[in-house]
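# I'd like to go over a predicted model; first the sequence, then the structure.
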Amino acid sequence: SIAFLVYALLIGRYIATQPKGEWSFFSWHPFLMICGFMGAMGIAAVTKKRGGYTNTKNHGTLSSVGLIMACIGMYIIYRNKDIHGRPHFTSNHAWMGIATMVCAFMPAMFGVVFLHPDFGQDKMNKSYRFAHKWCSRTAIIGAYVTGFLGLTKMTQDPLVLASYALPLMILAPFTLI
């Protein structure tokens, strides 16, 4: 769990200041997306694997915090485009981001209604749990790819690209398997 937090904070800040090395309003977008998906949701996935009531509740809380961070990150980029008079949703990064957000939102709502350990309507249903798990994994993979697509729009520096991708390749098995 510490590895996900360290990655999110350090790499999130590093990526957020590309390519000029300065913090701007836009910087909040990649920082919050990385902290939300790779940090909070990564920790949530690992926490759930430990099993038990408390870990399940912590998983839901961490996932929700990650989704809120990602929603704020989406607002930031939308507002930033408005500020600079740029059109919205014109790149593969943007459309992949929308698909990833939808894919993240669905298991969150589904988890609250059907799988919550206290009041879930069908918390023991294995098919629901399977769908929740795989939709969540798809969202996390989508976030990895979307982040890389966005980063390649900011820089082509192999060191910067590797600093984003290589730690994710190491952390991905802990999150996704």
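Received it, and whenever you're ready, just let me know what you need. Numbers count the residues shown, from 1 in each chain.

# please tell me how far Ala70 sits from Ala99.
Ala70 sits 13 Å away from Ala99, going by Cβ to Cβ, to the nearest Å. Quick note: C-beta positions are derived from backbone N, CA and C, even for glycine.

# tell me the mean pLDDT for the helix ranked longest in the chain?
Assignment by DSSP state H gives helix 53-83 as the longest helix of the chain. Averaged across helix 53-83, pLDDT comes to 98.

# and Ala70 and Ala99? Which one has more around it.
Neighbour tally, Ala70 and Ala99, criterion other Cβ atoms under 10 Å: the higher count belongs to Ala70, 25 against 14.

# hang on, the earlier thing: how about the longest helix of the chain: buried residues?
Neighbour-count burial for helix 53-83, with 16 or more other Cβ atoms under 10 Å as criterion, is recorded at 55-56, 58-60, 62-67, 69-70, 73-74, 76-77, 80-81.

# elements contacting it?
Counting contacts by 3 or more Cβ pairs under 8 Å, 6 or more residues apart in numbering; DSSP states H and E, helix 53-83 packs against helix 28-33, helix 41-49, helix 92-110.

# after the last one comes which helix or strand?
Of the helices and strands lying after helix 92-110 in sequence (DSSP states H and E), the nearest is helix 126-154.

# tell me which helix or strand comes right after that next one.
Going down the chain from helix 126-154, the next helix or strand is helix 158-176, by DSSP H and E.

# what angle do that following helix and helix 41-49 make?
20 degrees (axes from the mean of the first three to the mean of the last three Cα atoms, to 10 degrees).
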